[in-house]
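Trainee: pasting the sequence and the predicted coordinates here, then a few questions.
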Amino acid sequence: MKKVLFVPLDERPCNYDFPYLLAKGTDVDLLRPPIELMGDMKRPGDTEGLWRWLLERAGEADGAILSLDTLLYGGIIPSRLHDMTTEQGAEKLRRLRDLKRKRPELKLFAFHLIMRCPTYSSSEEEPDYYADWGAEIHRIGRLRHLEQLGLISGEERRELQELDRRLPADVLADYLNRRAVNTSLNRLALEYVADGTIDFLIVPQDDSAPYGWTALDQRMIRAAIAELGIELRTYMYPGADEVGCTLLARMVNAFHGRTPAVYPRFSSRKGPFLIPSYEDRMFDESFKYQVTAAGGIVVDSMNDADLAMLVNLPGEKMTEAAYQPAATAGYDVMRNVTELVEFGDAAMRRWGKPLAVADVAYANGGDLQLVRLLREKGLLFRLAGYAGWNTSSNTLGTVIAQSMLYLIYGDTNEHRDFLALRYAEDAGYCSHVRKLVTAGPVAERGYTREKVDGQQGEIAAIVREHLETFVRERIDGAGYRVVIDSCRLPWNRMFEVGLSVRCVAEET
């Protein structure tokens with residue numbers, strides 16, 4: 001049994017629980033910090049306690065998967081709110097060198113985000129002033145980037161001048177000073193890769209876009225990666241909340257000396273060339289990075305593959321899962337979900353290869369039509385993996401990790417439990433129940449999408465009731481039943497859900 005220390009990006013289930021659940025039933029003991037050391041949305045985790053936990057347990061570990069944002073700032077949201085200096089951050093990071101000197105054989109994988117810049121005005125996950133000035137901060141970043149590239153129009157230049165006049169100088173200074181500190185520490189982490197302290201680093205691009213403050217920082221970090229000659233040990237691509245799963249798969253593949261080959265089959269010819277919502281590049285480029293980051297390779301032939309991946313994509317611009325079925329050419333004409341499912345069913349019989357499903361046709365939820373067709377074919381609990389949540393990259397990292405572990409450990413009870421969780425959460429909650437409950441009980445009781453009555457209040461109980469109906473009517477069958485043991489709303493809002501789910505085999 002290998003022991004791997006894991007410091008998550010934050011305390012939400014996608015970060016704290018998903019990698020842990022994937023490691024269950026394997027030969028890897030994934031050790032997490034006590035939840036008490038983690039933060040709570042804007043309240044940062046106990047960084048000194050987290051460092052103590054890491055350093056005290058390093059002597060018993062074979063590897064470590066570390067969120068540098070958590071070790072530096074206390075989590076993903078605190079990384080956007082802190083008042084740390086570059087020098088203070090550098091002092092914390094130096095502990096990694098001390099750790100590696102004491103345990104040079106420790107396999108150390110890390111990830112470190114580039115700070116996002118949302119397009120909208122909301123302080124829910126940003127500094128308080130972002131409620132008033134968020135859209136303007138984002139717009140100024142985009143226009144200044146275009147200006148640097150010589151692509152700004154005369155009208156846009158006048159808009160930039162007006163925004164510079166209106167936006168309070170102290171607001172922009174605070175925002176840019178924090179970005180500068182974060183980027184300096186991103187750059188320092190690259191040096192730790194160059195000197196061998198960090199064996200492998202992912203720099204995820206959270207809610208990225210082609211132009212703006214985040215894109216400017218990405219360009220700087222990309223240049224530094226090339227300058228240091230660490231392209232094979234530092235990957236930068238869209239994503240964030242899935243990276244713990246990705247690095248778990250990479251570490252397990254490394255322990256077993258495996259490089260799994262993945263063959264993708266797309267529902268749409270145009271889909272691989274579309275830029276998914278919240279990302280900055282064509283889907284196909286992110287797909288290659290996600291597979292490679294998890295320790296695999298992409299192949300063009302089923303005969304060469306260890307794993308077949310059905311990729312459910314839109315045929316045109318991606319829309320939100322809450323708006324499905326989207327009656328547009330991109331969803332009704334320019335893609336073929338029926339053929340995708342028929343191919344998957346035939347492929348399992350013809351080639352006998354494990355089959356997984358990356359459900360990225362919509363943002364922020366699974367495709368209910370696809371799930372229905374998979375159920376009709378009896379495939380739901382025969383898959384090597386399934387995911388369909390949040391961004392395209394969040395989904396990819398999750399399903400790729402699950403299916404790569406399946407290649408090693410097979411059809412375990414824990415594997416089926418995770419499949420059941422994905423169907424209940426990605427299809428059930430994200431694509432159906434969230435919208436239903438938000439428009440009904442949440443609004444009727446005077447709550448909002450951003451604030452309800454606690455993690456385990458009346459709204460969470462209503463969500464559970466609806467989810468139990470969903471899985472009974474739309475998931476159960478083919479010898480399996482999904483049981484929801486608990487339900488909570490981790491950040492006291494409707495965006496994410498925390499579920500404890502089991503897959504129970506039915507008597508036949």
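Mentor: Structure's in. What do you need? Please read all numbers here as calculations on a predicted model, not as lab measurements.

Trainee: all contacts plus neighbour counts: C-alpha atoms, from now on.
Mentor: OK.

Trainee: what residues does stretch 324-343 touch?
Mentor: With contact meaning C-alpha atoms under 8 Å, 6 or more residues apart in numbering, stretch 324-343 is reached by 265-270, 310, 312-317, 319, 367, 370, 373-374.

Trainee: how about stretch 456-476?
Mentor: For stretch 456-476, the surrounding residues in contact (C-alpha under 8 Å, 6+ apart) are 372, 375, 380, 423-424, 428-429, 433-434, 437, 441-442, 452-453, 481-484, 486-489.

Trainee: just give the number of residues close to Glu87.
Mentor: By other C-alpha atoms under 10 Å, 12 other residues sit near Glu87.

Trainee: over to Arg350?
Mentor: Residues lying near Arg350 (other C-alpha under 10 Å) number 10.

Trainee: any idea how far Asp174 is from it?
Mentor: Distance of Arg350 to Asp174, given as C-alpha to C-alpha, to the nearest Å: 60 Å.

Trainee: and Ser277, by the same measure?
Mentor: Distance, Ser277 to Asp174, by C-alpha to C-alpha: 28 Å.

Trainee: between the two, which one's more packed in?
Mentor: Shown here are Ser277 and Asp174; by other C-alpha under 10 Å, Ser277 has more neighbours (20 against 14).

Trainee: quick one: Arg178 and Gly89 touch, right?
Mentor: No: applying C-alpha atoms under 8 Å as the test, Arg178 and Gly89 come out as separate, 11.9 Å apart.

Trainee: overlap in contacts of these two?
Mentor: Contact with both Arg178 and Gly89 is made by no residue, according to C-alpha under 8 Å, 6+ apart.

Trainee: wait, Ala249 sits on Ala401?
Mentor: Yes: contact status for Ala249 versus Ala401: in contact at 5.1 Å, counting by C-alpha under 8 Å.

Trainee: any shared contact partners between these two?
Mentor: Ala294.

Trainee: next helix or strand past the lowest-mean-pLDDT helix or strand in the chain?
Mentor: Taking mean pLDDT, DSSP states H and E as the measure, the chain has helix 329-332 as its least confident helix or strand, at a mean of 90. Per DSSP states H and E, helix 329-332 leads on to helix 337-350 as the next helix or strand towards the C-terminus.

Trainee: report the buried residues of that following helix.
Mentor: Buried residues in helix 337-350, counting neighbours by 16 or more other C-alpha atoms under 10 Å, are found at 337, 340-341, 344-345, 347-348.

Trainee: next one: stretch 316-329
Mentor: By 16+ other C-alpha under 10 Å, the buried positions in stretch 316-329 come out as 316-322, 324.

Trainee: can you pull out the helices in the stretch 301-450 of the chain?
Mentor: 329-332, 337-350, 368-376, 392-409, 413-422, 434-437, 443-444 (DSSP state H, counting those that start in this stretch).

Trainee: can you pull the buried residues of the lengthiest helix in the chain?
Mentor: The helix that spans the most residues within the chain, counting by DSSP state H, is helix 169-194. Using 16+ other C-alpha under 10 Å as the test for burial, helix 169-194 gives 172, 175, 178-194.

Trainee: now swap in stretch 500-508 and tell me
Mentor: 500-504.

Trainee: can you check stretch 97-108 too?
Mentor: In stretch 97-108, counting by 16+ other C-alpha under 10 Å, buried: 97, 99-100, 106-108.

Trainee: ok, which pair from these is furthest apart?
Mentor: For these, the farthest-apart pair by C-alpha to C-alpha is Arg97 and Lys107; their separation is 13.0 Å.

Trainee: circling back to that earlier point, rebuild the buried residues of stretch 316-329 as a markdown table, extending it with distance to Asp199.
Mentor: A markdown table is the format used below for the buried residues of stretch 316-329 (distance: C-alpha to C-alpha, whole Å):
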| residue | distance to Asp199 |
| --- | --- |
| Glu316 | 39 |
| Lys317 | 38 |
| Met318 | 36 |
| Thr319 | 38 |
| Glu320 | 37 |
| Ala321 | 37 |
| Ala322 | 40 |
| Gln324 | 42 |
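
Trainee: so which of these is the closest to Glu156?
Mentor: Lys317 (25.2 Å).

Trainee: give the contact list for Asp300.
Mentor: Residues near Asp300 by C-alpha under 8 Å, 6+ apart: 263-264.

Trainee: correct me if wrong: Phe283 contacts Lys270.
Mentor: No: using C-alpha under 8 Å, Phe283 is not in contact with Lys270; the gap is 10.1 Å.

Trainee: per-domain residue ranges of this structure.
Mentor: The chain breaks down by automatic domain parsing into domains covering 2-118+172-255, 260-411, 420-508.

Trainee: nearest to Glu159, out of those?
Mentor: The closest of the domains of the chain to Glu159 is domain 2-118+172-255. By C-alpha to C-alpha, the value is 15.1 Å.

Trainee: and the helices in the stretch 101-250 of the chain?
Mentor: So, for the stretch 101-250 of the chain - with DSSP H, counting those that start in this stretch - the helices run 130-148, 154-166, 169-194, 213-228, 243-256.

Trainee: out of those helices, which one sits most buried?
Mentor: Across those, averaging neighbours per residue (mean count of other C-alpha atoms under 10 Å) puts helix 243-256 on top, at a mean of 24.

Trainee: after it, next one along is what?
Mentor: strand 261-266.

Trainee: pull up the pairing partners for that next one, direction included.
Mentor: As defined by DSSP bridges, the strand partners of strand 261-266 come to strand 297-298 (parallel), strand 307-312 (parallel).

Trainee: Met494: what secondary structure?
Mentor: Secondary structure, DSSP: H, G, I helix; E, B strand; the rest coil: Met494 is coil.

Trainee: that one: neighbour count?
Mentor: Met494, neighbours per other C-alpha under 10 Å, totals 25.

Trainee: what's the spacing between the closest residue in space to it that isn't next to it in sequence and Gln455?
Mentor: With C-alpha to C-alpha, 6 or more residues apart in numbering as the criterion, Met494 has its nearest non-adjacent residue at 5.2 Å, and that residue is Arg449. Note on Arg449: its distance to Gln455, by C-alpha to C-alpha, is 13 Å.

Trainee: between those two, which is the more surrounded one?
Mentor: Each of Arg449 and Gln455 has its neighbours counted (other C-alpha under 10 Å); Gln455 has more, 19 against 16.

Trainee: my read is that that one contacts Asn492, right?
Mentor: Yes: if you go by C-alpha under 8 Å, Gln455 and Asn492 touch, sitting 5.1 Å apart.

Trainee: tell me which of the contacts of stretch 456-476 fall in strands.
Mentor: 481-484, 486-488 (DSSP state E).

Trainee: and of these, the nearest to Ala131?
Mentor: Arg488 (26.7 Å).
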